[in-house]
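Enquirer: sequence below, structure please.
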Amino acid sequence: MNWLITGGCGFLGRNLIKSLLDEGRDISIRIIDNLSVGSFEDLSYATDNAVEVSMADANWNKKEIQLVVGDIMDEKLALEITKGANVIVHLAANTGVGPSVENPRMDCVTNVIGTFNYLEGCRINKVKRFVFASSGAPIGECIPPIHEELPCHPVSPYGASKLAGEAYCSSYNKTFEVDTVALRFGNVYGPGSTHKSSVVAKFIRQVFAGETLEIYGSGKQTRDFIYVGDLVRAIWLAATKENVGGEIFQIATNKETTVLEVTEELLKALARFNFTDVNIIHGEKRLGDVMRNFSDTSKAKAKLGWEPLTFIEDGLDKTISWFMKINGKA
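Expert: Residues are numbered from 1 along each chain as shown. Below you'll find the predicted structure:
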């Protein structure tokens, strides 16, 4: 199988590639990334067999992992790079509520047009499977747990752009018979989150730098924190499982955790690594943040055969260990 991974130099992409290689999957991997967040050097987390190539030199028959530097907004490149692919895992996106509030137009163009370009690549080049990285953000404010049948009322521009991506996936499945699978990820954390700005990775970096941790608002807002290793298993199943085309799945832990609670767990984990002098303050609540968010994952268990396996204590220990290693603190 030929896998094209958009945003493959990012946090999720590198962990996906590492998992595919560690498990000896018989696939060829091509990456498209504009290097706005990750870098070619970041791929060393996943493999020492990556090369940067031009589109003219890209070849599915090569054994190395090939990176084509380019933007998902480039419609001609999208149509060219998707030729010969069997699976597209679409991870490239503007991520997070904050950036979408600061620049909603950029969020819309990146997440909507970028997704459309690669669905068009599927349609024109007969790519059968398209896995779309979505989020719980399309739902907006609701009484959780979030499940796939809830109506969507996004609060943030980010939620709106991800909802548009889900809608295009549905239309390309129904009209053009592309097996689209949308995965609504929880708040993912884990090794490799060098550039990630969500709470776990950001707080670990700040502790290592001796900085004060800032919790937005009261900290009583809830999220569903999922370890990256569990998430990439869901991507594999979404890419390979039969009879799931057109489906949306919640990929999280089915556990509601406040930001205060995850911070407390993180402080306990940091103390196990002898980081004990940590200062915390509370700042203003962020625009676009929902107060409660966790997922019912029963559909993913029933149809994908997937469920999370990693307890947060273990996941935080693995994440801190990785950060210590790259920061020379191990």
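
Enquirer: and the helices in this structure?
Expert: 11-22, 75-81, 97-102, 104-108, 114-125, 157-176, 199-208, 228-240, 259-272, 298-299, 312-326 (DSSP state H).

Enquirer: and the ones you listed: which comes nearest Gly38?
Expert: In terms of Cβ to Cβ, the element of the helices of the chain nearest to Gly38 is helix 11-22, at 7.1 Å. (Each C-beta comes from the backbone N, C-alpha and C, glycine too.)

Enquirer: helices and strands around that closest one, which ones?
Expert: With contacts taken as 3 or more Cβ pairs under 8 Å, 6 or more residues apart in numbering; DSSP states H and E, helix 11-22 sits against strand 2-6, strand 28-33, helix 228-240.

Enquirer: that older thread, reformat the helices of the chain as JSON lines; add distance to Ile29 and mean neighbour count.
Expert: Output for the helices of the chain, formatted as JSON lines (distance: least, Cβ to Cβ, whole Å; neighbours: other Cβ atoms under 10 Å):
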{"stretch": "helix 11-22", "distance to Ile29": "6", "mean neighbour count": "22"}
{"stretch": "helix 75-81", "distance to Ile29": "13", "mean neighbour count": "18"}
{"stretch": "helix 97-102", "distance to Ile29": "28", "mean neighbour count": "18"}
{"stretch": "helix 104-108", "distance to Ile29": "28", "mean neighbour count": "16"}
{"stretch": "helix 114-125", "distance to Ile29": "16", "mean neighbour count": "22"}
{"stretch": "helix 157-176", "distance to Ile29": "22", "mean neighbour count": "20"}
{"stretch": "helix 199-208", "distance to Ile29": "24", "mean neighbour count": "20"}
{"stretch": "helix 228-240", "distance to Ile29": "12", "mean neighbour count": "22"}
{"stretch": "helix 259-272", "distance to Ile29": "32", "mean neighbour count": "17"}
{"stretch": "helix 298-299", "distance to Ile29": "28", "mean neighbour count": "16"}
{"stretch": "helix 312-326", "distance to Ile29": "22", "mean neighbour count": "18"}
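
Enquirer: would you turn the helices and strands packed on helix 11-22 into a markdown table with mean pLDDT?
Expert: Converted to a markdown table, the helices and strands packed on helix 11-22 look like this (pLDDT from 0 to 100):
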| stretch | mean pLDDT |
| --- | --- |
| strand 2-6 | 98 |
| strand 28-33 | 98 |
| helix 228-240 | 98 |
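
Enquirer: can I get these in CSV including distance to Phe275?
Expert: Putting the helices and strands packed on helix 11-22 into CSV (distance: least, Cβ to Cβ, whole Å) gives the following:
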stretch, distance to Phe275
strand 2-6, 34
strand 28-33, 32
helix 228-240, 21
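
Enquirer: and the helices of the chain, which one is worst for confidence?
Expert: Comparing mean pLDDT across those, the lowest value falls on helix 97-102: a mean of 91.

Enquirer: for that helix, C-alpha coordinates in CSV please.
Expert: What follows is the C-alpha trace of helix 97-102 in CSV, where atoms were taken according to Å, rounded to 0.1, in the frame of the first residue of the first chain:
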residue,chain,number,x,y,z
VAL,A,97,-8.8,27.4,18.9
GLY,A,98,-6.4,30.3,19.7
PRO,A,99,-4.9,30.6,16.2
SER,A,100,-8.3,30.4,14.6
VAL,A,101,-9.6,33.3,16.7
GLU,A,102,-6.5,35.4,15.9
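
Enquirer: now do it: which elements does it pack against?
Expert: Judged by 3+ Cβ pairs under 8 Å, 6+ apart, the packing partners of helix 97-102 are helix 104-108, helix 157-176.

Enquirer: if I look at the closest residue to Asn279 other than its chain neighbours, how far off is His90?
Expert: Distances taken as Cβ to Cβ, 6 or more residues apart in numbering put Thr212 closest to Asn279, at 4.4 Å, once the chain neighbours are dropped. Note on Thr212: its distance to His90, by Cβ to Cβ, to the nearest Å, is 37 Å.

Enquirer: looking at the two now, which is surrounded by more residues?
Expert: Here Thr212 and His90 are set side by side on neighbour count (other Cβ atoms under 10 Å), and the busier one is His90, at 27 against 10.
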